[in-house]
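Student: Below is the sequence, then the predicted model.
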Amino acid sequence: MKKLFPMLVILLLIVFCVPLTAFSGVVKAANVPTDLERELDKCGLSDQYTKRDLRDFSGNLYWLIEFDPVGYAIYHPVAKVFSEFSETAPSPYAGYDSIVYGGPSFYYYQTSTEYVNIKTGESTSKNLLVAENLSDSSTDALTATYNSFVDYKVDDAVAPTAADMSYLIPNAYYFQKLNSFGINVRGTCGQLAASILLSYYANYVNVNFVPTEYITPRSGTTTNYQSWSAMPALSNNLHLELIDITEELGLSLGTTGTSIKTILSTYYYDHSIGGVSQQVLTSPFFVDTQMRNIINGNNPMLMFGNLTLPGGGRGNHVVVCYGYRILSNVTYYRVHMGYSGCTDIELANLWSQNVFGQIYSISYSGLHVHSGNFIVNGTAHCGCGAVTV
């Protein structure tokens with residue numbers, strides 16, 4: 001018996017010290033990625049980042065993701081989706097604390113007495129907000145937008161079986177690298193976005209879309225246009241011309257898709273531009289599929305946003321959309337925000353369905369006219385790549 005005792009001890013140690021998985025066939029799970037990490041991987045974004053809490057004016061929580069060395073994303077932690085992100089644009093909140101989110105392009109920080117718009121420098125008194133108690137229209141609109149993410153279902157975006165894909169219009173790098181295009185004056189972002197849209201057609205379809213003196217060539221570049229570090233600069237003259245037309249027609253400078261259609265009808269007439277077909281889609285009578293069809297037709301489009309501002313008002317902002325991609329049944333639209341350095345921002349369709357109220361686009365069936373806008377090593381080139389005399 002004395003000889004058996006040590007053997008029993010050894011057997012008991014083996015039984016109780018060997019992990020249960022060795023007998024059950026269960027393998028211990030590796031570290032499971034978080035929802036945020038899965039979304040970063042799905043969107044091809046860096047895993048090198050810092051994370052900060054970001055709230056809107058209704059107190060709803062987002063996360064600000066700032067990548068190293070550049071890029072940012074704004075993440076909805078309940079719906080587990082990004083509302084916007086960019087791999088190349090700097091974080092709109094870089095260097096700011098006490099940050100507040102008012103929607104794409106409406107980025108704020110707060111002081112002890114004010115909310116300050118980071119892009120424009122305009123401020124709104126916090127006392128005014130307290131007095132107005134963040135009016136019902138402001139709070140309700142922000143909450144409704146937030147809840148649109150919370151209540152999101154796949155059927156609201158694309159078919160459940162939609163394959164992951166991406167699509168950019170031809171020469172989309174024009175928008176990605178167009179950092180010089182005039183200055184937004186007097187809140188005329190609609191006219192500015194329209195001038196950016198027209199400049200694309202001038203460089204790749206018909207020079208008559210924009211007077212040649214409005215576009216400044218760049219020299220000394222290679223003939224591989226996609227390798228350009230910058231696009232020809234668009235002067236502010238076209239933007240100002242569209243403002244003049246707006247005022248001559250007696251329209252508000254704060255434009256909608258409908259008013260831009262009227263303004264550009266006059267512009268096309270003044271410049272004898274034929275072959276243009278205009279289209280305006282108005283919420284809620286258009287769907288995500290129609291927006292993607294415009295891009296599939298190789299046409300950029302203007303997306304008109306009606307975003308809630310602090311103090312209860314609502315403010316328009318207009319972006320130029322030139323591509324999209326579908327990732328796990330969420331469509332992200334690639335847009336030029338109308339700010340230098342913010343030329344390739346991704347906006348989730350959840351946001352655009354609930355905030356962007358009108359879409360303006362054109363198609364062109366006229367004759368191509370070589371522009372000669374680009375000077376490459378002393379030789380004139382059309383935007384289509386052809387050498388011109």
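Tutor: Noted; the coordinates are in hand.
Student: for the longest strand belonging to the chain, packing partners?
Tutor: For the chain, the strand with the greatest residue count under DSSP state E is strand 314-327. Applying 3 or more Cβ pairs under 8 Å, 6 or more residues apart in numbering; DSSP states H and E, one finds that strand 314-327 makes contact with strand 165-168, helix 189-204, helix 288-296, strand 301-308, strand 330-336, strand 345-348. Any C-beta I mention is one placed from the backbone N, CA and C, and that applies to glycine too.
Student: between it and strand 330-336, how many degrees?
Tutor: Put simply, strand 314-327 runs at 120 degrees to strand 330-336, going by axes from the mean of the first three to the mean of the last three Cα atoms, to 10 degrees.
Student: tell me the mean pLDDT over strand 314-327?
Tutor: The average pLDDT within strand 314-327 is 86.
Student: what's the angle from it to helix 288-296?
Tutor: Using the same axes, to 10 degrees, strand 314-327 lies at 80 degrees relative to helix 288-296.
Student: which non-adjacent residue is nearest Pro77?
Tutor: Trp63 (5.7 Å; Cβ to Cβ, 6 or more residues apart in numbering).
Student: name the element the one you found belongs to?
Tutor: strand 61-67 (DSSP states H and E).
Student: circling back: mind listing the strands the longest strand of the chain pairs with, and their directions?
Tutor: Strand 314-327 has the following strand partners under DSSP bridges: strand 165-168 (antiparallel), strand 301-308 (antiparallel), strand 330-336 (antiparallel).
Student: Run the chain-centre distance for the first one.
Tutor: Counting by Cα atoms, centre = their mean, to the nearest Å, strand 165-168 is centred 15 Å from the centre of its parent chain.
Student: Which residues outside it are in contact with it?
Tutor: Strand 165-168 is contacted by residues 292, 295-296, 322-326, 334 when judged by Cβ atoms under 8 Å, 6 or more residues apart in numbering.
Student: any idea which of those residues is closest to Thr282?
Tutor: Nearest to Thr282 out of these is Arg292 (Cβ to Cβ; 17.2 Å).
Student: Measure how buried the closest one is and give me the count.
Tutor: Using other Cβ atoms under 10 Å, Arg292 has 18 other residues around it.
Student: Would you check that it makes contact with Thr331?
Tutor: Yes. Look at Arg292 against Thr331 with Cβ atoms under 8 Å: they come within range, at 6.7 Å.
Student: buried ones in the helix or strand encompassing Ser83?
Tutor: In this structure, Ser83 sits in strand 81-86 according to DSSP H and E. For strand 81-86, burial by neighbour count (16 or more other Cβ atoms under 10 Å) applies to 81-86.
Student: immediately after it, which helix or strand?
Tutor: That would be, after strand 81-86 and using DSSP H and E, strand 99-101.
Student: Point out the other elements, helices or strands, that that following strand touches.
Tutor: Here strand 99-101 touches strand 49-56, strand 107-110, going by 3+ Cβ pairs under 8 Å, 6+ apart.
Student: Buried residues, the longest strand of the chain. List them.
Tutor: Residues of strand 314-327 classed as buried: 315-327 (neighbour count, 16+ other Cβ under 10 Å).
Student: looking at the strands paired with strand 314-327, which is closest to Gly121?
Tutor: Comparing those against Gly121 with Cβ to Cβ, the closest turns out to be strand 301-308 (17.6 Å).
Student: State the mean pLDDT of the closest one.
Tutor: Strand 301-308 carries an average pLDDT of 77.
Student: Same check on stretch 239-252?
Tutor: What stretch 239-252 shows for mean pLDDT is 96.
Student: Return the distance of it from the chain's centre.
Tutor: Averaging C-alpha positions (Cα atoms, centre = their mean) puts stretch 239-252 26 Å from its chain's average.
Student: Show me what the residue nearest to Leu302 when sequence neighbours are not counted bridges to in the sheet.
Tutor: Spatial nearest neighbour of Leu302, excluding adjacent residues (Cβ to Cβ, 6+ apart): Tyr360 at 4.2 Å. Per DSSP bridges, the residues bridged to Tyr360 are Val280, Leu302.
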